[in-house]
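**Student:** Sharing a sequence plus its predicted fold:
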Amino acid sequence: MSALVSNARVSWYAIVSGANDYWAIFTLKSWVFGWCVRMLSQVSFFALIGKLLESDKQTQFFLVGNAVMIAAMGATFAMNMTTSERGNGTLSLLLASPSRPVLVFASRGVYVMADGVFSALLGLFILGPAFGLHFPFPRILLVIPLTALVGMSAYCFSTFLAGVIIRKREVTGLLVNATIVILMTLCGINVPVSFYPGWLAWISRCLPITNGLEAIRDVIAGAPASTIAAHVGAELLVMSGWLALALVTFGAFVRAGQRDGSLEYAA
Amino acid sequence: MRAFLAGAQIQLRFLRAYPDAAIPFFTAPMFSVIFQMVFRHAGREDLTPYAAIAPVFIALWWLALFNSGWTITMERWNGTIEMLVAAPSSFAAVVFGRITTTTLLGVVSFFETWLVARAIFGTKITIYHPWAFYATVFVTLFAMAGTAVAMASLFVLARNAVTFSNSASYPFYVLGGILVPVSFLPHWIRPVSAVVFLSWSADLMRAALQAAPMHEFWFRLAMVAMLGAAGLLVGLYAMRVILTRVRGTGELGTT
C-alpha cells in the first residue's frame, strides 16, 4: 500500500513538472494563436480534400480522422518531454533516485497528451459544423472518452518509443515526426483500413489509433453498440500491449545505457 | 558574397551533424503515399499532379521555415549570436547563405516523392510543360528562401522561435493551396492567399503537370518572383532595424 502511495506521489510530481515545462513553452496567447491555429489548419487541410473530391462523406471521413490524429500527435510529442531530461542534465539524477524511471517518464508527458485530446475535440467540434457536418446528439458525446482512449493508447506507444531512443537523444525530432506521419499513413486516418493490403491492415490494427478511430466513426455513423464495443475492446488491448511493452523494456534500455555510458548529461 | 558562401558552408556542416535536418526527406515520401492513397481510393487518378506537388512544397516549406527558425535559436543556444552580429561580415548574408543552401537541398524531395509514387503505386508523373515547370521550380526556390529570411528576422525577436516555427506550417499549406487549390477556400480568405507566393507557385506547378495549355504563365511567374523578392527585402530591412535596436538595448541574447 505504501508503495502505491509512493508511486502515486512520484507520478503526481512528474505530471506537475511536465505541466510546468509545457507552460514554459506555451503562453495562453501562443497556444491560441500558435498551436490552436496550426491544429485547426491541419484538420482543415485534410478536410478540404473532401471538398476537392466533391464528397461530403469524404469530407467527414478526413475531418474526423485528422481531428482524432491531433490527439495521437499530442501523445507522440510527449516523447520530446521524456528525452528533454537528458538535455536538461537531470537524467542522471533521476536514474540515481530510488523511483522507477518509467513511472516518471510515463507521467511526465501526460499533460501534453491531455492537451492533444482537448485540441482534437476542439478541432472536431469547431470544424465539424464549419464544414457543414451534423453530429448526432447526444451520441456524439461518446466521442469524448473515445478520443481520450486514442490519446492514451498513442501515449503508451510513445512511452515505449521514448525508451527505445533514450540513448539516442539526437534522433528524437526525427523519430517524433516519422512516427506521426507513419501513424497518419497506416492508421486509417485518410483511407479506410479495408483499402490496405491484408498484411498492412493487420499491422495497422496493432498500432494505436486504428481501432479507436473506427469506434469513433461508428459512433458518428450510428453503428450498433456491439460493433463499437468490439473496436473499443481492440483499442484497449492494443493500448495494454504497448503499455506492457514500455514497462518491460524501459528499464532494460536505461540499464543498457548505464552500462555503456551513453546516458551522458547532454548528447 | 564571401559571407553568403561562408553561411552556406557552415550550414552544410550543420545538416550533416543534426539528424533532424533529414525530417522532411523522410516525411515528404510518406505524404506522397498518403495523397496517392487518398486519390486512388477516391478513383481520382486525374488528381495525381496534386499528390505529386504537395509533398514537395511541404518539404521545401519545412526546410526553409525550420532552417531559419533554428538558425537563430541555435546561435543563441551556442552563445555565438553576439559574435556573429559583432563580426564585420553581413549577418543577413550569412543567414541567407544558410537558408539558401537548405532550400536548394529540398529539390531532392522532388525525386523522392515521385520515385515513391512510381515504385509503390506505379504512378508516372509527366511534365507536360517542362520549361514552365523548371522556371517555376527555380523562382519558387528563390521565393522560398526570400520568405524564410523574412521569417528569420521575426524570429530574432521571438523568445521561442521554435513555437512559431511549429505553428507556421499548416496555416500556410492551406493558404498556399499546396494540395487543394485556393478556389476551394471560402471567398473571404482568398485575398490573403493571393499574397502568399505558395498559392501562385502551386497553381503553376500543377498546371505544368497537366496537358491543358497554361494561361498567363509569365504574369503568374512574376507574382511568385515579386512576392519572394518582397519577403527578402522586408526580411533584410527588418533584420537591419531589429539588429540595430537590440544591439543598442543589449537584448540580443535574451529577447
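**Tutor:** Noted; the coordinates are in hand.

**Student:** now the helices for the chain?
**Tutor:** Using chain A here. A:2-25, A:28-30, A:37-52, A:56-87, A:91-96, A:101-108, A:110-130, A:143-164, A:172-186, A:198-206, A:210-221, A:225-260 (DSSP state H).

**Student:** hmm, I had chain B in mind actually
**Tutor:** Using DSSP H, helices in chain B cover B:2-17, B:23-41, B:48-78, B:81-86, B:91-105, B:108-121, B:130-157, B:161-167, B:170-175, B:190-194, B:197-208, B:217-249.

**Student:** Pull the contacting residues for residue 18.
**Tutor:** In the absence of a named chain, this looks at chain A. A:Met81, A:Ser107, A:Arg108, A:Gly109, A:Val110, A:Tyr111, A:Val112 (C-beta atoms under 8 Å, 6 or more residues apart in numbering or on different chains). (Glycine included, C-beta is placed from N, CA and C.)

**Student:** um, chain B though
**Tutor:** With C-beta under 8 Å, 6+ apart, B:Tyr18 has these contacts: A:Glu170.

**Student:** Next, it: phi, psi?
**Tutor:** Reported as degrees, to the nearest 10, the phi and psi values for B:Tyr18 are phi -110, psi 110.

**Student:** just B:Ala168 next, same as before
**Tutor:** Torsion angles, degrees, to the nearest 10, at B:Ala168: phi -100, psi 30.

**Student:** same check, this time on B:Glu216
**Tutor:** According to degrees, to the nearest 10, B:Glu216 has phi 50, psi 40.

**Student:** Format the contacts of A:Gly18 as a markdown table; extra columns: distance to A:Phe26.
**Tutor:** Conversion of the contacts of A:Gly18 to a markdown table gives the following (distance: C-beta to C-beta, whole Å):
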| residue | distance to A:Phe26 |
| --- | --- |
| A:Met81 | 13 |
| A:Ser107 | 19 |
| A:Arg108 | 16 |
| A:Gly109 | 14 |
| A:Val110 | 16 |
| A:Tyr111 | 11 |
| A:Val112 | 10 |
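
**Student:** Can you tell me which residues in the stretch 1-150 of chain A are near chain B?
**Tutor:** By the rule C-beta under 8 Å from any C-beta of the partner chain, the part of the stretch 1-150 of chain A lying against chain B is A:25-26, A:30, A:33-35, A:37-38, A:41-42, A:44-45, A:48-49, A:51-53, A:55, A:58.

**Student:** Could you rerun that using 6 Å?
**Tutor:** A:Ser30, A:Gly34, A:Val37, A:Arg38, A:Ser41, A:Gln42, A:Ser44, A:Phe45, A:Leu48, A:Lys51, A:Leu52, A:Leu53 (C-beta under 6 Å from any C-beta of the partner chain).

**Student:** What's the PyMOL line that selects buried ones from those?
**Tutor:** In PyMOL syntax, the buried subset of the residues of the stretch 1-150 of chain A next to chain B is picked out as below (16 or more other C-beta atoms under 10 Å in any protein chain shown):
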select buried, chain A and resi 30+34+38+41+42+44+45+48+51+52+53
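
**Student:** Buried residues of the helix or strand bottoming out on mean pLDDT in chain B, list them for me.
**Tutor:** Least confident helix or strand, chain B: helix B:161-167 with a mean of 73, by mean pLDDT, DSSP states H and E. For helix B:161-167, the neighbour count (16+ other C-beta under 10 Å) marks B:Ala161, B:Thr163, B:Phe164, B:Ser165, B:Asn166, B:Ser167 as buried.

**Student:** and these near chain A, which?
**Tutor:** B:Thr163, B:Ser167.

**Student:** returning to that earlier point: the least confident helix or strand of chain B packs against which elements?
**Tutor:** Contacts defined by 3 or more C-beta pairs under 6 Å, 6 or more residues apart in numbering or on different chains; DSSP states H and E place helix B:161-167 against helix B:48-78.

**Student:** give me that answer again for 10 Å
**Tutor:** Counting contacts by 3 or more C-beta pairs under 10 Å, 6 or more residues apart in numbering or on different chains; DSSP states H and E, helix B:161-167 packs against helix A:2-25, helix A:28-30, helix A:37-52, helix B:48-78, helix B:130-157.

**Student:** Please identify the residues of the stretch 101-250 of chain B in proximity to chain A?
**Tutor:** B:158-160, B:162-175, B:177-181, B:183-186 (C-beta under 10 Å from any C-beta of the partner chain).

**Student:** Would you mind listing which of the residues you listed are buried?
**Tutor:** B:158, B:160, B:163-175, B:177-181, B:185.

**Student:** For B:Ala225, which residues are in contact?
**Tutor:** B:Ala135, B:Phe138, B:Val139, B:Thr140, B:Phe142, B:Ala143, B:Gly146, B:Phe197, B:Trp200, B:Ser201 (C-beta atoms under 10 Å, 6 or more residues apart in numbering or on different chains).

**Student:** Among the residues you listed, which has the minimum pLDDT value?
**Tutor:** Among those, B:Gly146 carries the weakest pLDDT, at 88.

**Student:** since we're on the residue lying closest to that one once chain neighbours are set aside, how many residues are nearby?
**Tutor:** Once flanking residues are discounted, B:Gly146 sits nearest to B:Leu232: 3.3 Å by C-beta to C-beta, 6 or more residues apart in numbering or on different chains. For B:Leu232, the count of nearby residues is 20 (other C-beta atoms under 10 Å in any protein chain shown).

**Student:** Please apply the same query to A:Val143.
**Tutor:** A:Val143: 22 neighbours (other C-beta under 10 Å).

**Student:** does it really touch A:Val232, like I thought?
**Tutor:** No - the criterion here is C-beta atoms under 10 Å, and A:Val143 misses it with A:Val232 at 12.0 Å.

**Student:** Now the common contact residues for those two.
**Tutor:** Shared contacts of A:Val143 and A:Val232, counting by C-beta under 10 Å, 6+ apart, come down to A:Ala215, A:Ile216, A:Val219.

**Student:** The residues you listed: which ones sit near chain B?
**Tutor:** Answer for the shared contacts of A:Val143 and A:Val232 near chain B: none qualify (C-beta under 10 Å from any C-beta).

**Student:** elements contacting the helix or strand of chain A with the lowest mean pLDDT?
**Tutor:** Lowest by mean pLDDT, DSSP H and E among the helices and strands of chain A is helix A:91-96, with a mean of 77. Here helix A:91-96 touches helix A:56-87, helix A:101-108, helix A:225-260, going by 3+ C-beta pairs under 10 Å, 6+ apart.

**Student:** what about 8 Å?
**Tutor:** helix A:101-108 (3 or more C-beta pairs under 8 Å, 6 or more residues apart in numbering or on different chains; DSSP states H and E).
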